[in-house]
Each structure stands twice: as structure tokens, then as C-alpha cells.
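Asker: pasting the sequence and the predicted model now:
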Amino acid sequence: MAVHLQREIESLKKKILRLSTMVEENVERAVRSVEKREADLADKVIDMDKAVDIMEIEVEEECLKVLALHQPVATDLRFIVAVLKINNDLERIGDLTVNIAERSLVLANRPDFAFSSNFPAMMEKARLMLKKCLDSLVNLDAKLALEVCASDDEVDALYREMFEKVKTGIRQSPDSIDDYLDMLSISRHLERIADHATNIAEDVIYMIEGSIIRHSAEKFKQQH
């Protein structure tokens, strides 16, 4: 029984890591499509979403099967619960990535829009948070996961700055309102990706430490 359970858990681990890689690569494509205004990249992001959805369903079904057949306890149960939650966050990141790609397609069909903002920094910060949280999952690295949690406030601050700049830009150049709103929409999706990356990091810590730090990340960090 224990051998079969461990085999199932190893299979589950490979699937969640494969899904993580798919989602991370799609976020990279979406960000590049915005930066370079490449419609082909945006189209690829949208096309890949179906594969992400299929894999998300497979992971969930595998988790439920293991729970039903093996009734795991302790560390094994904690692992499966964490995978279920991480799986959901990855699927949501996939949806947000498609939203970015759709906005990118709109921008790619318009004249270049000159907008001085912290948008590149926000894209890089959100992308790095996702990479770190997935690296923490691969390596079971609680310290790296904590770094992701600490970065979330920085992305929130960048989003607030973007919101203020968009408001100012719309007042000064009302003819460009569509461009400003698209940039704000993309920023909001990036901010939500950062939130989901933080959720994954918290679940990795739960997987490793057995501690739920959702409302006490700073206190947990001080203890480690």
C-alpha cells in the first residue's frame, strides 16, 4: 500500500511540475508579447491555454484518486492538499495570462503608445515572483518561498503607482484613453499573477513546514 502511494505521489509531483513549467513559459510569452508588440506570441499564449486547462484537470483528478484510494495521512496528506491548492492557482495564472495576451493583441494593432511608467519593472517583478515560487516548489525551498511573499507588497505598490499615472495620463490626453485603460488592465492582471504566486509560495511553506502563514508571513519569517 505504502509503495503504491509513493508511486502515485511521485507521478503527481511530476504532473504539477510539468503544469508549472507550462504556465511559467506562457507568462514569459505574454510579457514578451506586450514588450515587443508581437501578435504571434500573444496568439501562442491563447492557443496554449487549452493544454494548461487539460493538465489542471488531470492533476485535480489524480489528487482526488489518491485521497480516495489511499487515505494518506501526515506529510503525504499535506502534500496532496498543497498540490490541490497550487493547481488551482496555476490555472488562474493561466487565465490571467490569456487576458494579458488578448490586451497585447489589441495594442499590437494600434500605433505605438508612448507612456512613461513603471510598467516594465512591474512585469519583471511579477515574472520573477512566479519563477521563484515555482523554483521553491521544485526544490522545496521555504526560504525562497518567503522571498516571494515579501515581494508581493512591492508589486502592489507598483500597481498603485500605475493607477495614478493612468489617471493623470487620461486627464492630459483623453484621446488616448483606450491605450491607458489597456495598460491598466494588463497591470491589474500582473498584480493578480503576483497574488497567486504568493499563494503558491505560502502553500509550499505549508507543504514543507506544516505551517499556515497566510495571515502571518512576517512573523513566520522572523522565526526563521
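Answerer: Thanks, I have the structure now.
Asker: alpha carbons only for contacts and neighbour counts from here, please
Answerer: OK.
Asker: how about the strands in this structure?
Answerer: Counting by DSSP state E, one finds no strands in the chain.
Asker: run through it and note the low-pLDDT ranges.
Answerer: For the chain, applying pLDDT under 70 flags the ranges 1, 114-117, 213-224.
Asker: burial count for Met122?
Answerer: Using other C-alpha atoms under 10 Å, Met122 has 22 other residues around it.
Asker: my guess is it meets Leu190, correct?
Answerer: Yes: here Met122 reaches Leu190: they are 7.5 Å apart, a contact under C-alpha atoms under 8 Å.
Asker: buried residues in stretch 61-79, which are they?
Answerer: Glu62, Cys63, Val66, Leu67, Pro72, Asp76, Leu77, Arg78, Phe79 (16 or more other C-alpha atoms under 10 Å).
Asker: residues contacting the fifth one?
Answerer: To tie it back to what came earlier, the one meant is Pro72. By C-alpha atoms under 8 Å, 6 or more residues apart in numbering, the contact list for Pro72 reads Leu5, Val66.
Asker: what does the last one give?
Answerer: Contacts of Phe79 were listed using C-alpha under 8 Å, 6+ apart, and they are Met207.
Asker: do the one 5 residues further on as well
Answerer: Each residue near Leu84 by C-alpha under 8 Å, 6+ apart is listed here: Val59, Glu60, Cys63.
Asker: and if you look at Gly210?
Answerer: Per C-alpha under 8 Å, 6+ apart, neighbours of Gly210: Arg78.
Asker: now it: how far from Glu61?
Answerer: 24 Å (C-alpha to C-alpha, to the nearest Å).
Asker: who's in contact with stretch 157-177?
Answerer: Ser117, Asn118, Phe119, Met122, Tyr180, Leu181, Leu184, Ser187, Arg188, Glu191.
Asker: same deal with stretch 26-45?
Answerer: With C-alpha under 8 Å, 6+ apart as the test, stretch 26-45 has contacts from 48, 94, 97-98, 100-102, 104-105, 107-108, 120, 123, 127.
Asker: taking those residues one by one, which sit in helices?
Answerer: The subset of these located in helices under the criterion DSSP state H comprises 48, 94, 97-98, 100-102, 104-105, 107-108, 120, 123, 127.
Asker: about what we covered before: so which of the contacts of stretch 26-45 wins on neighbours?
Answerer: When those are compared by neighbour count (other C-alpha under 10 Å), Ala101 ends up highest, at 30 neighbours.
Asker: sweet, I'm off.
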